[in-house]
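Below is the structure, and that's it, no one-letter string:
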């Protein structure tokens, strides 16, 4: 029987480099950024959740569960992940950011295969050069160690996951898959790529 996999889209950040605009709601080629991410995920997972610390009513329009970080204060992506892990009842949780509109169509199947083959606790995507620490497939039991890491005042995702057995899956065959948008200039460049 295939494992059940939920996804959480992280839209909880402050987006300082986007002038404070909520990145998931920024328009990209006529659609909110998060729409592109949802479209990439919905055929790959069983359920989708959205982690947002503001504009929650706007995020609810897509019909998915929306929740804020359990720990307030914009503690970074790990705070959203830990809250999502406490909400899911699935076998695995996929984590992706809201500003990666070109995610691979085979993201889940490849991360799961890498995790299972290497008997790892989690799998992280790589673009062939760099690991993408906010594109992860996690086993829910990791919530305990993640919460302890946050409680100790730590924030860096890669430092946390290096404590565990990690499978790294390279998507070097899709070099633009993890292009993300942090500035209006990047948004403009990506809009041109997507329009092609």
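Good, I have the coordinates. All values derive from a computational prediction rather than experimental measurement. Residues are numbered from 1 along each chain as shown.

confidence score at the closest residue in space to residue 150 that isn't next to it in sequence?
Spatial nearest neighbour of residue 150, chain neighbours left out: residue 78 (5.5 Å); criterion: C-beta to C-beta, 6 or more residues apart in numbering. C-betas here are computed from N, CA, C, even on glycine. What the model reports for residue 78 is a pLDDT of 91.

Repeat that for the one 3 residues further on.
Predicted confidence (pLDDT) for residue 81: 93.

go on, residue 128?
You'll see residue 128 listed with a pLDDT of 93.

Same question for the one 3 residues further on.
What the model reports for residue 131 is a pLDDT of 95.

ok, it touching residue 169?
No. Contact criterion C-beta atoms under 8 Å: residue 131 and residue 169 do not qualify, at 9.8 Å.

circling back to that earlier point, outside of the helix or strand hosting the residue nearest to residue 150 itself, list whatever touches it.
According to DSSP states H and E, residue 78 maps onto helix 77-87. Contacts to helix 77-87, defined as C-beta atoms under 8 Å, 6 or more residues apart in numbering, come from residues 6, 8, 10, 12-13, 49, 51, 65, 67-71, 93, 95, 97, 133-134, 136, 138, 140, 142-143, 146-147, 149-150, 155, 157, 160.

what about 6 Å?
8, 10, 12, 49, 51, 69-71, 93, 95, 134, 140, 143, 146-147, 150, 157 (C-beta atoms under 6 Å, 6 or more residues apart in numbering).

Return the distance of that helix from the chain's centre.
Computed by C-alpha atoms, centre = their mean, to the nearest Å, the chain-centroid distance of helix 77-87 equals 11 Å.

tell me the SS of residue 104?
The three-state label given to residue 104 by DSSP: H, G, I helix; E, B strand; the rest coil is coil.

What sits closest to it if chain neighbours are left out?
residue 177 (4.8 Å).
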